[in-house]
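J.: any chance you can model this:
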Amino acid sequence: MKINAVFEGGGVKGIALAGAVSAVEQLGYGFHQVAGTSSGAIVAALVAAGYKAEELKMIIEATPFGAFLKRAPIFETKVIGPLTRLFLKKGLYSGEALEQWMYQLLLAKGIKTFGDLNDQQLRIIASDISGRKLLVLPGDISQYGIDPKRLLVAKAVRMSTSIPYFFDPVVIRKSPDKRSPGEKFADQFVYIVDGGLLSNFPLWIFDQNEVPPLDQMIPTIGFQLFGRGTGMPNAIHGPLSMLKALFSTMMDAHDGRYIEDHNQFRTVIIPTYGVSITQFSITAEESLKLYESGLQASLAFFNKWKLTDYKQKYVSYLRQKASSLKSG
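T.: A predicted model of the protein is given here:
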């Protein structure tokens, strides 16, 4: 049997999602369509490209996540360098290293653009902070005059993982036919950042408006990362540390809430043991602990899970949703 999977964002905590993929494979399930935000987008993209759980585990063990925090030497001067970079580039780090890492991994499986995948096989959430709207990629990239099938998967992942002020936003220029008459040059550029700003856990993404035939229903299971960072207070010594504290608090806050009651029947809740979203110096032991957490939480969920129960609850959920929309 195949499932649709939705992977929540959580920065470095997303390592636990690879363990969840391992559980799905161990139990004999496959993936039909996948979606994710931020680190969830990384896992979703690799799964869509054909990576198996054991390969994901090897990638995690071999990847020095601190290497993603790159900036030119000119910006390494204490305090002044990072602040200057933040002013000029809108981020402390570039994000290019992460994109290239992702590009090479996908290329190894013969995947460059969304056109290399099946239609609707992968969906990635990002945030357009210029237009103040959520983007579901690749489809929504057409709003800027870009062919969705030609969008690099690695570029979409970079968009979704660009934590504000931590990584540079991805800047794209609207094509001439998408610009307003007389639009100023500066307004032709769109800034795209982490999807977690608007939808960190897009469990809704595969929902239908009407109840599908039961024999054709493909269940959607969400994998949610639960647990704030270490709980240690953010040390604030100036504007730079304040910005980092502001956004780490905002992004971590997503993980401090349990999923709504009506979605618990399709949500795997994975403990993350105090790891922070920007803890790129994570140790090998902490990585393995996260991986095992995802594995064990998913095994426990699916060992109690029944397709017949899912269908019944999902139909009830859709009907309640439709009734609520009518009464609203």
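J.: nearest residue to the middle of the protein?
T.: Nearest residue to the geometric centre of the chain (Cα atoms, centre = their mean): T37, 1.9 Å.
J.: quick one: contacts for that one?
T.: 7-9, 124-125, 160, 194-196, 199-202 (Cβ atoms under 8 Å, 6 or more residues apart in numbering). No exception for glycine: its C-beta is placed from N, CA and C like everyone else's.
J.: so who does A35 touch?
T.: So A35 contacts 4-7, 44, 122-125, 202, 205-206 (Cβ under 8 Å, 6+ apart).
J.: where does this structure dip in pLDDT?
T.: Applying pLDDT under 70 to the chain flags residues 66, 70-92, 228-261, 325-328.
J.: would you map the strands across it?
T.: 2-7, 30-37, 91-93, 122-128, 133-137, 165-167, 170-173, 189-194, 220-226, 267-271 (DSSP state E).
J.: would you list those strands in JSON lines and tack on distance to A49?
T.: Shown next, in JSON lines, are these (distance: least, Cβ to Cβ, whole Å):
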{"stretch": "strand 2-7", "distance to A49": "14"}
{"stretch": "strand 30-37", "distance to A49": "10"}
{"stretch": "strand 91-93", "distance to A49": "25"}
{"stretch": "strand 122-128", "distance to A49": "8"}
{"stretch": "strand 133-137", "distance to A49": "15"}
{"stretch": "strand 165-167", "distance to A49": "22"}
{"stretch": "strand 170-173", "distance to A49": "20"}
{"stretch": "strand 189-194", "distance to A49": "21"}
{"stretch": "strand 220-226", "distance to A49": "18"}
{"stretch": "strand 267-271", "distance to A49": "22"}
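J.: between those strands, which one is closest to K311.
T.: Between K311 and the strands of the chain, the shortest separation by Cβ to Cβ is 11.7 Å, and it involves strand 220-226.
J.: now the angle from the closest one to strand 30-37?
T.: Between strand 220-226 and strand 30-37, the angle comes out at 50 degrees (axes from the mean of the first three to the mean of the last three Cα atoms, to 10 degrees).
J.: wait, I129 touches L197, no?
T.: Yes - in this structure, I129 is within contact of L197 by Cβ atoms under 8 Å, at 7.5 Å.
J.: what's the neighbour count on I15?
T.: 29 (other Cβ atoms under 10 Å).
J.: and it, what does it touch?
T.: Counted by Cβ under 8 Å, 6+ apart, I15 has contacts 39, 60, 282, 287, 290-291, 294.
J.: and the nearest residue to it once chain neighbours are set aside, how many neighbours?
T.: Leaving aside its chain neighbours, I15 sits nearest to L290 (4.2 Å; criterion: Cβ to Cβ, 6 or more residues apart in numbering). Neighbour count of L290, defined by other Cβ under 10 Å: 27.
J.: E54 now?
T.: 12.
J.: just give the nearest non-adjacent residue to it, would you?
T.: Nearest to E54 is S22, by Cβ to Cβ, 6+ apart, at 7.6 Å.
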